[in-house]
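In: For reference, the sequence and a predicted model appear below.
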Amino acid sequence: MFGYVVIHKPELKVKDLETYQSFYCGLCVALKKRHGFFGRLTLNYDMTMAVLLLTGLYEPETEEKRFRCVVHPSGKHVAKTNRFSDYAADMNVFLAYEKAADDVRDEGKLTSRLAAAALKRKAAKVRERWPRQTAAIEENLAALCAAEQRGETDLDVLSGCFGRIMEEIFAADASLWEKDLRRFGFFLGKFIYLLDAYDDLAADEKKSCFNPLRDAAKEPDFETWIGGILEMMMAEAAYAFEMLPIIDHADILRNIIYAGVWTKFRAGKEEERKIHE
């Protein structure tokens, strides 16, 4: 369920794009520092939003440095890091480990077994550092797995499991804003789960895998129906976000919330349109 919480580049100012990239690079640096080479391989854009949101809210001391990147060696890059870069790196590695372990249980692929083995000890360290968050992740992933195995079709039950995972991740600190952070994370998590199910429909159908949207997708008004549900989820998340007193990076975050998260859904609708032309 990675790859959905991204920017919409065409609508982002150049300075904001540079800021976003600097926090993304900072997350990469934090992953390398805390979890080594294999930890760095789990890097994705999704957790960059968590760093930006928590940084904008709590305004921690942030370090900026220039470095040369092995993957992108042309010129120096800027990396911005703070305590939330480290936190997001830990959450990123733990989620990646849980996904690999789940893939091992489901399919037993060699690549999944290797990934799970490489990340197991790193995940154990994260579990020691963040017992509340990791316990919630494990509990809700187990509940989600059980629901899917019994063929649950209640979207609130299924998406709620992933919503509670994201809720715990965004509630990094106990503070005055914890309620709104939890609400934001919960509805963002529900959105991610449902969009992932939508994105996987064709592949799951081909493999005869479980997908909670399979029956609904046969209805003629499916695209309108699922679009409406996704809009409701993000409307709730956006409302919670707007309750937070965030000034720094607010334009980037709004770009993600109001445009970026819809990238995959728009792509899916365009693909569906081409199929039926």
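Out: In hand now; what should we look at?
In: buried ones in stretch 252-269?
Out: Neighbour counts over stretch 252-269 (16 or more other Cβ atoms under 10 Å) mark 252-257, 259-265, 268 as buried. C-beta here means a position set from N, CA and C on the backbone, and glycine is covered the same way.
In: Dump those residues into CSV; add distance to Glu107 and secondary structure as well.
Out: Supplementary listing: the buried residues of stretch 252-269 in CSV, determined by distance: Cβ to Cβ, whole Å; DSSP: H, G, I helix; E, B strand; the rest coil:
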residue, distance to Glu107, secondary structure
Ile252, 36, helix
Leu253, 36, helix
Arg254, 38, helix
Asn255, 36, helix
Ile256, 31, helix
Ile257, 33, helix
Ala259, 34, coil
Gly260, 30, helix
Val261, 28, helix
Trp262, 30, helix
Thr263, 27, helix
Lys264, 23, helix
Phe265, 26, helix
Gly268, 23, helix
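In: where along the stretch 51-200 of the chain do the strands fall?
Out: Counting by DSSP state E, counting those that start in this stretch, the stretch 51-200 of the chain has strands at residues 63-68, 76-81.
In: and the first one, what does it pack onto?
Out: This points to strand 63-68. The helices and strands touching strand 63-68, judged by 3 or more Cβ pairs under 8 Å, 6 or more residues apart in numbering; DSSP states H and E, are helix 14-40, strand 76-81.
In: How about the last one?
Out: Other helices and strands packing on strand 76-81, by 3+ Cβ pairs under 8 Å, 6+ apart, are helix 14-40, strand 63-68.
In: cutoff 10 Å now
Out: Strand 76-81 sits against helix 14-40, helix 46-58, strand 63-68, with contacts defined as 3 or more Cβ pairs under 10 Å, 6 or more residues apart in numbering; DSSP states H and E.
In: thinking again about what came up before, mean pLDDT lowest for which of the strands of the stretch 51-200 of the chain?
Out: Lowest mean pLDDT within the strands of the stretch 51-200 of the chain: strand 63-68, at a mean of 88.
In: Could I get the contacting residues of the most centrally placed residue in the chain?
Out: Nearest residue to the geometric centre of the chain (Cα atoms, centre = their mean): Asp46, 4.1 Å. Counting by Cβ atoms under 10 Å, 6 or more residues apart in numbering, Asp46 makes contact with 1-6, 27, 88, 91-92, 95, 166, 188, 192, 256.
In: I would like a PyMOL command selecting only the buried ones among those residues, please.
Out: The buried residues among these can be selected in PyMOL (16+ other Cβ under 10 Å) with this line:
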select buried, resi 1+2+4+5+6+27+88+91+92+95+166+188+192+256
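In: Of the contacts of Asp46, which one scores lowest on pLDDT?
Out: The minimum pLDDT among those falls on Met1, with 64.
In: how does this structure divide into domains?
Out: 1-94, 130-249 (automatic domain parsing).
In: Quick one: closest of those to Ala101.
Out: Closest of those to Ala101 is domain 130-249, at 9.2 Å (criterion: Cβ to Cβ).
In: And the closest one, how far out from the chain middle?
Out: Relative to the centre of its chain, domain 130-249 is centred 10 Å away, using Cα atoms, centre = their mean, to the nearest Å.
In: Pull out the buried positions in stretch 49-67.
Out: 49-57, 62.
In: tell me the helices in the protein, going along the chain?
Out: Under the criterion DSSP state H, the chain contains helices at 14-40, 46-58, 83-106, 110-129, 131-149, 155-170, 178-199, 201-207, 222-242, 250-258, 263-275.
In: Columns distance to Cys69 on top of these, output as TSV?
Out: Formatted as TSV, the helices of the chain follow (distance: least, Cβ to Cβ, whole Å):
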stretch	distance to Cys69
helix 14-40	7
helix 46-58	16
helix 83-106	16
helix 110-129	22
helix 131-149	29
helix 155-170	26
helix 178-199	28
helix 201-207	32
helix 222-242	31
helix 250-258	21
helix 263-275	24
